[in-house]
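Novice: quick one, fold the following:
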Amino acid sequence: PSKDSLYSYTRFLSSKEMSGRFPGTDEDSIAIKYISGKFKDYGLKTIIGDSFIQYFSIPLHRIPLSSSELVINNIKLRFGEDFYIYPSSPNTEFKRGIGVYSQESINRKDSTNYIKILKRGADSIPNIASKYFHQGFKAVVIVVDDSTYSSLEKTVTTSFKLTIPVFIIPDSLFADCCSDSIKINFVSKTDILNANTANILGVTEGDYDNYIVVGAHYDHLGSNKEFIYYGADDNASGVASLLELSRIITPSKNLGVIYIAFGAEERGLLGSKVAVDALNDMGILSKIKLMINLDMVGRMRDDKLQIAGVGSFSLSDSLINTVNNKFNLSISKIRDGSGASDHASFYNQNIPVLFLSTGVHSDYHTTGDTYDKINYHGLKTVTEFTKDIIYKASSNHLVFDFVKSDLPNMGRASFNVTLGITPDFTYDNGD
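Specialist: Have a look, this model is predicted:
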């Protein structure tokens, strides 16, 4: 492996110009073109039709629709100017509602008509909706100050729906709404905005009865007006290793190698699930003997490498230990093969997996995950280690008998981007 090549791949994918590679964006399309171009340059062949690119659609945002209506005391409010609806609100309508501000004003004999009016506090909108849904309210109207109203998020990046609609109004126009017995009619309409993204798949030339899959997700968290989540370690580093492996590995007569750069991993392993379904439809899934996942492999410290899935086939310890004789790495082994990365989609189809990572760190899912913090010597080591696993697996005709683990999943967790939490990755220590 070339350290210069690994640096070049990583720097490009995690550059400022790539804006965090969020699915469905122009930068996502650039990444797709870049990776597929490398596959072509390095002599790989297409596996799905005549293209390296497998497009698919994902739910990107929930958006409020302008056909939503809110009528207070027979005054029809203007969507956007006078009121907004929280994008995760369900599609529903209600007539002859009674808006109430104080709990004491509720007539318990006719509680089904009530719509809660409140000033916005510290609680989250999903929690507010859940709370008042369980109290029997039909909807919530939240009154906010003008500056808050003008800066409202117009979309939410989830397909999750609230239990009841939540309307938001500015207090400059509707300060008198915080009184009781207000007549309210509403129509809540929202929709899911989908986006197109892709997996990129290539295979070594030849006709094979057995395959190894090497995968890495290329998507990340994108950017907003203030920040870019560069995603150098997560997971430009894994894609860099993937691309370098596709460049340097010589095709084997015994075992084909399928290289997959997965899209939309951060959205819930969506790309790997799509890839697994396609490979199954083509009759290839049953020929896959091992899936190797490279996710966050760019921050090696003290020659430490973490490998999950070592309990997913019987000879995994022997394979890993034999390869490690050359490197003498300190390897932490996790027996379970499930987890919050793309190998789980293959493991769930009873395919042995190995998930390689150099571990999480304080920059995980923050703006501090930049290319200048990557340990390129360590990334080269992980790439060479993976190459040797592939060669050893193809030359020795190992039996990859799938073993289902009953141990708890201790893989990389999917923390919110704002937390900056460093979870404990390891389950137990191996050789």
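
Novice: show me the helices in the stretch 1-150 of the chain, by range?
Specialist: Listed in chain order, the helices of the stretch 1-150 of the chain (DSSP state H, counting those that start in this stretch) span 3-13, 26-41, 125-134, 146-150.

Novice: out of the ones you listed, which is closest to residue 334?
Specialist: Across the helices of the stretch 1-150 of the chain, the minimum distance to residue 334, taken as C-beta to C-beta, is reached by helix 3-13, at 24.8 Å. In this view, the C-beta of every residue, glycine as well, is placed from N, C-alpha and C.

Novice: that older thread, a markdown table for the helices of the stretch 1-150 of the chain, including mean pLDDT, distance to residue 187 and mean neighbour count?
Specialist: Output for the helices of the stretch 1-150 of the chain, formatted as a markdown table (pLDDT from 0 to 100; distance: least, C-beta to C-beta, whole Å; neighbours: other C-beta atoms under 10 Å):
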| stretch | mean pLDDT | distance to residue 187 | mean neighbour count |
| --- | --- | --- | --- |
| helix 3-13 | 98 | 44 | 19 |
| helix 26-41 | 98 | 34 | 19 |
| helix 125-134 | 90 | 17 | 16 |
| helix 146-150 | 83 | 20 | 13 |
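
Novice: nearest to residue 368, out of these?
Specialist: helix 3-13 (15.2 Å).

Novice: so the closest one versus helix 26-41, what angle?
Specialist: Orientation of helix 3-13 against helix 26-41 (axes from the mean of the first three to the mean of the last three C-alpha atoms, to 10 degrees) gives an angle of 150 degrees.

Novice: and helix 3-13, what does it pack onto?
Specialist: helix 26-41, helix 237-248, helix 376-395 (3 or more C-beta pairs under 8 Å, 6 or more residues apart in numbering; DSSP states H and E).

Novice: now these in CSV, with distance to residue 90?
Specialist: As requested, the helices and strands packed on helix 3-13 are exported to CSV (distance: least, C-beta to C-beta, whole Å):
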stretch, distance to residue 90
helix 26-41, 29
helix 237-248, 38
helix 376-395, 46
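
Novice: closest one to residue 362 among these?
Specialist: Of the helices and strands packed on helix 3-13, nearest to residue 362 by C-beta to C-beta is helix 237-248, at 16.2 Å.

Novice: check which helices and strands the closest one sits against.
Specialist: Contacts defined by 3+ C-beta pairs under 8 Å, 6+ apart place helix 237-248 against helix 3-13, helix 26-41, strand 211-217, strand 256-262, strand 288-294, helix 376-395.

Novice: residues contacting the helix or strand of the chain with the lowest mean pLDDT, please?
Specialist: Sorting the helices and strands of the chain by mean pLDDT, DSSP states H and E puts helix 171-174 at the bottom, at a mean of 76. Identification of contacts with helix 171-174 by C-beta atoms under 8 Å, 6 or more residues apart in numbering yields 72, 82, 119, 143, 144, 145, 146.

Novice: rerun at 7 Å
Specialist: Applying C-beta atoms under 7 Å, 6 or more residues apart in numbering, the set of residues contacting helix 171-174 from outside is 82, 143, 144, 145, 146.

Novice: cool, and stretch 282-289?
Specialist: Contact partners of stretch 282-289, identified using C-beta under 7 Å, 6+ apart, comprise 209, 210, 211, 212, 213, 276, 279, 349, 351, 352, 400.

Novice: of those residues, buried ones?
Specialist: For those, a neighbour count by 16 or more other C-beta atoms under 10 Å gives the buried set as 210, 211, 212, 213, 276, 279, 349, 351, 352, 400.

Novice: does the fourth one really touch residue 294, like I thought?
Specialist: No. The pair formed by residue 213 and residue 294 falls short of the contact definition of C-beta atoms under 7 Å, at 11.2 Å.

Novice: strands along the stretch 301-431 of the chain, start to end?
Specialist: For the stretch 301-431 of the chain, the strands defined by DSSP state E, counting those that start in this stretch cover 304-308, 330-334, 353-357.

Novice: to residue 124, which of those lies closest?
Specialist: strand 353-357 (31.3 Å).

Novice: adjacent strands (with direction) for that closest one?
Specialist: strand 288-294 (parallel), strand 304-308 (antiparallel) (DSSP bridges).

Novice: now those strands as a markdown table including mean pLDDT, distance to residue 65 and mean neighbour count?
Specialist: Output for the strands paired with strand 353-357, formatted as a markdown table (pLDDT from 0 to 100; distance: least, C-beta to C-beta, whole Å; neighbours: other C-beta under 10 Å):
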| stretch | mean pLDDT | distance to residue 65 | mean neighbour count |
| --- | --- | --- | --- |
| strand 288-294 | 97 | 39 | 27 |
| strand 304-308 | 97 | 43 | 23 |
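
Novice: in JSON lines, list those along with distance to residue 239.
Specialist: Output for the strands paired with strand 353-357, formatted as JSON lines (distance: least, C-beta to C-beta, whole Å):
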{"stretch": "strand 288-294", "distance to residue 239": "8"}
{"stretch": "strand 304-308", "distance to residue 239": "18"}
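
Novice: quick one: which of the ones you listed is nearest residue 264?
Specialist: strand 288-294 (15.1 Å).

Novice: tilt between that closest one and strand 211-217?
Specialist: Interaxial angle, strand 288-294 versus strand 211-217 (the same axes, to 10 degrees): 20 degrees.

Novice: could you list the low-pLDDT ranges of the protein?
Specialist: Low-confidence segments of the chain (pLDDT under 70): 102-112, 122, 157-159, 174-181, 396-397, 406-431.

Novice: what about the longest strand in this protein?
Specialist: In the chain, with assignment by DSSP state E, the single longest strand is strand 190-203.

Novice: following element in sequence after the least confident helix or strand of the chain, please.
Specialist: Next helix or strand after helix 171-174 toward the C-terminus (DSSP states H and E): strand 182-188.

Novice: what does that next one rub up against?
Specialist: Here strand 182-188 has contacts from 68-74, 85, 89-99, 115, 139, 165, 167, using C-beta under 7 Å, 6+ apart.

Novice: just the CA atoms of stretch 314-328, as PDB, please.
Specialist: Only the C-alpha atoms of stretch 314-328 are listed here, as PDB (Å, rounded to 0.1, in the frame of the first residue of the first chain):
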ATOM      1  CA  SER A 314     -14.700 -21.100  13.600                       C
ATOM      2  CA  LEU A 315     -11.300 -20.400  12.100                       C
ATOM      3  CA  SER A 316     -11.300 -16.600  12.600                       C
ATOM      4  CA  ASP A 317      -8.800 -16.700  15.500                       C
ATOM      5  CA  SER A 318      -6.400 -18.800  13.500                       C
ATOM      6  CA  LEU A 319      -6.700 -16.600  10.500                       C
ATOM      7  CA  ILE A 320      -6.200 -13.300  12.400                       C
ATOM      8  CA  ASN A 321      -3.300 -14.700  14.500                       C
ATOM      9  CA  THR A 322      -1.500 -16.100  11.500                       C
ATOM     10  CA  VAL A 323      -1.700 -12.700   9.700                       C
ATOM     11  CA  ASN A 324      -0.700 -10.800  12.800                       C
ATOM     12  CA  ASN A 325       2.500 -12.700  13.100                       C
ATOM     13  CA  LYS A 326       3.900 -10.300  10.500                       C
ATOM     14  CA  PHE A 327       2.500  -7.100  12.200                       C
ATOM     15  CA  ASN A 328       2.600  -7.900  15.900                       C
END
